[in-house]
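Undergrad: My questions concern the predicted model and sequence given below.
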Amino acid sequence: MRIADKWKDYSIIATGDGMKLERWGSVYLLRPDPQVIWPQKADMSGYKSLNAIYHRSENGGGGWKILKKMPQEWTISYGDLKFLVKPMGFKHTGLFPEQAVNWDRMAEMIRGAGRPINVLNLFAYTGGATVACLAAGASVCHVDASKGMVERAGENVRLSGLADKPVRFIIDDCKKFVQREIRRGRKYDAIIMDPPSYGRGPNGEMWKIESELYPLVELCVSALSDNPLFFLINSYTTGLQPMVLKNILKLAVGSKFEGEVDAYEVGIKTEEGIDLPCGASGLFIGKNAENVKSGSAEKTIKRANDGK
């Protein structure tokens, strides 16, 4: 497991009974986590600094209960990168902190490439990876079906002082966009995708990861340049193991390009001293990406405590 252990503005304080207690800057939130199937050591809902709890509804969905005054949205930092945090529906906050391990790894490869790198970020959400890649010197095409999430990604880019960097924001179905890019002959040196288990595009296009992931990865191969730097897949789908992502990348990408494939769980170490799993990643590393080897520990280019 690769642990996102360089955060200063985020931590998991305690876990138990399907919930996790988190600190986001100076705001404390308690929300569900399906991986937490052990009992809590103490009643987290009574934590003295707790600002809000997300309660699930028996009919699906749920909502936030505000316990103490808190801003509607606020900013946290990861090194020089800045992100808006806002409690939203379905327990989300607009950021997945564990992805910092992948932000660091991609940034290292981009900075070490010695050439301009053009990145395609699919299912790009609020742009954590987009911001990290821009800060490392890449140009980025950010694609998501949600207008609201794309707008928030733009805010994160501006907050991080990267508004003048080469980025395109696209609101579209990811598969249809890639098909158009291939017809246009546009190529990318790196591709990132973080697909949902289930979803719909802006025009009702259906997505199911079990049947759609491999064909999309195979399609994306045609949008890669002749010398790809990396291809990253991340997934939060329960039961989708790292080895599944590794196999997909070996079959779809490794059959066309020379390189290595790494696969791993990503997670966060809690203040209780346990590692909380937060999804799986598979990473194809092109043959010329010598700075990051499969299975090696990351050398973080910009550690989260720089400038703190």
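TA: On my side now, so go ahead. Being a predicted model, the structure only gives us computed values, none of them experimental. Numbering: from 1, shown residues only.

Undergrad: tell me the phi and psi of the spatially most central residue of the chain?
TA: Against the mean C-alpha coordinate of the chain, by CA atoms, centre = their mean, the closest residue is Gln99 at 4.6 Å. Torsion angles at Gln99 (phi, psi; degrees, to the nearest 10) stand at phi -70, psi -10.

Undergrad: how far away is the nearest residue to it once chain neighbours are set aside from Val101?
TA: Spatial nearest neighbour of Gln99, excluding adjacent residues (CB to CB, 6 or more residues apart in numbering): Gly128 at 5.4 Å. C-beta here means a position set from N, CA and C on the backbone, and glycine is covered the same way. Gly128 sits 11 Å away from Val101, going by CB to CB, to the nearest Å.

Undergrad: Model confidence for Gly307, exactly?
TA: Gly307 carries a pLDDT value of 41.

Undergrad: need the helices for the protein, in chain order.
TA: For the chain, applying DSSP state H gives helices covering 100-112, 128-135, 147-159, 174-184, 209-221, 242-252.

Undergrad: what angle do the first one and helix 128-135 make?
TA: Taking axes from the mean of the first three to the mean of the last three CA atoms, to 10 degrees, one finds that helix 100-112 is oriented at 30 degrees with respect to helix 128-135.

Undergrad: try the fifth one
TA: Orientation of helix 209-221 against helix 128-135 (the same axes, to 10 degrees) gives an angle of 20 degrees.

Undergrad: Quick one: list the elements packing against helix 209-221.
TA: Judged by 3 or more CB pairs under 8 Å, 6 or more residues apart in numbering; DSSP states H and E, the packing partners of helix 209-221 are strand 118-122, helix 174-184, strand 190-193, strand 230-235, helix 242-252.

Undergrad: repeat for the third one
TA: In this structure, helix 147-159 packs against strand 81-85, helix 128-135, strand 139-144, strand 167-171, with contacts taken as 3+ CB pairs under 8 Å, 6+ apart.

Undergrad: how about CSV for those, with mean pLDDT and distance to Gly18 added?
TA: Putting these into CSV (pLDDT from 0 to 100; distance: least, CB to CB, whole Å) gives the following:
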stretch, mean pLDDT, distance to Gly18
strand 81-85, 98, 22
helix 128-135, 98, 25
strand 139-144, 98, 28
strand 167-171, 98, 34
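
Undergrad: out of these, deepest packed?
TA: With neighbours defined by mean count of other CB atoms under 10 Å, none of those is more surrounded on average than helix 128-135, at a mean of 27.

Undergrad: which residues are contacting that one?
TA: Helix 128-135 is contacted from outside by 80-81, 83, 95-96, 99-100, 102-104, 106-107, 110, 117, 119, 121, 124, 140, 142, 153, 156-157, 160, 162, 165-167, 190, 192, 194, 232, 302, using CB atoms under 8 Å, 6 or more residues apart in numbering.

Undergrad: out of those, which are buried?
TA: Buried members of the contacts of helix 128-135, counted by 16 or more other CB atoms under 10 Å: 81, 83, 95-96, 99-100, 102-104, 106-107, 110, 117, 119, 121, 124, 140, 142, 153, 156-157, 160, 162, 165, 167, 190, 192, 194, 232, 302.
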